[in-house]
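Q: Sequence and predicted structure, then a few things I'm wondering about:
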Amino acid sequence: DGPGYKYEPTVLIGVKQDSEIVQEEIFGPVLPILTFSTLDEAFSLANDSKFGLTSSIYTTNADVVERSKAALRFGETYVNRE
């Protein structure tokens, strides 16, 4: 309790790539969900940001991990991190 703003943990669905919640840095428990049809489209969406500190992927496919390491332009990419 105290002064300031509180935001409950929130998952946002139906979000578009060009929306502010996707394009700007978020400091809070907010997760926008975007959909994609192919892995290449997922890489394109992920890399369409002026920020690039970290990314995360969740997969059991070693080939996807290797492709992601090469395709994602982030300082760090976490694999299956809880």
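A: Received, thanks.
Q: Give me the three-state assignment for the closest residue to residue 81 other than its chain neighbours.
A: Of all residues not flanking residue 81 in the chain, residue 56 sits nearest, at 6.0 Å (Cβ to Cβ, 6 or more residues apart in numbering). The C-beta positions use only the backbone N, C-alpha and C, and glycine is treated the same way. Assigned with DSSP: H, G, I helix; E, B strand; the rest coil, residue 56 falls in the strand class.
Q: Tell me who's in contact with the most centrally placed residue in the chain.
A: By Cα atoms, centre = their mean, the chain has its centre lying nearest to residue 55, at 5.9 Å. Contacts for residue 55 (Cβ atoms under 8 Å, 6 or more residues apart in numbering) come out as 46, 72, 74, 76, 77, 78.
Q: Buried among those? Make that a PyMOL selection.
A: Of the contacts of residue 55, the buried ones can be selected in PyMOL as follows, counting by 16 or more other Cβ atoms under 10 Å:
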select buried, resi 46+72+74+77
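Q: Format the contacts of residue 55 as JSON lines; extra columns: pLDDT, distance to residue 39 and secondary structure.
A: Converted to JSON lines, those look like this (pLDDT from 0 to 100; distance: Cβ to Cβ, whole Å; DSSP: H, G, I helix; E, B strand; the rest coil):
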{"residue": "46", "pLDDT": "94", "distance to residue 39": "10", "secondary structure": "helix"}
{"residue": "72", "pLDDT": "96", "distance to residue 39": "11", "secondary structure": "coil"}
{"residue": "74", "pLDDT": "93", "distance to residue 39": "16", "secondary structure": "coil"}
{"residue": "76", "pLDDT": "94", "distance to residue 39": "19", "secondary structure": "strand"}
{"residue": "77", "pLDDT": "93", "distance to residue 39": "14", "secondary structure": "strand"}
{"residue": "78", "pLDDT": "94", "distance to residue 39": "17", "secondary structure": "strand"}
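Q: quick one: the nearest residue to the residue nearest to the centre of the chain once chain neighbours are set aside from residue 81, how far?
A: Computed as Cβ to Cβ, 6+ apart, the closest residue to residue 55 that is not its neighbour in sequence is residue 74, at 4.2 Å. Separation of residue 74 from residue 81 (Cβ to Cβ, to the nearest Å): 13 Å.
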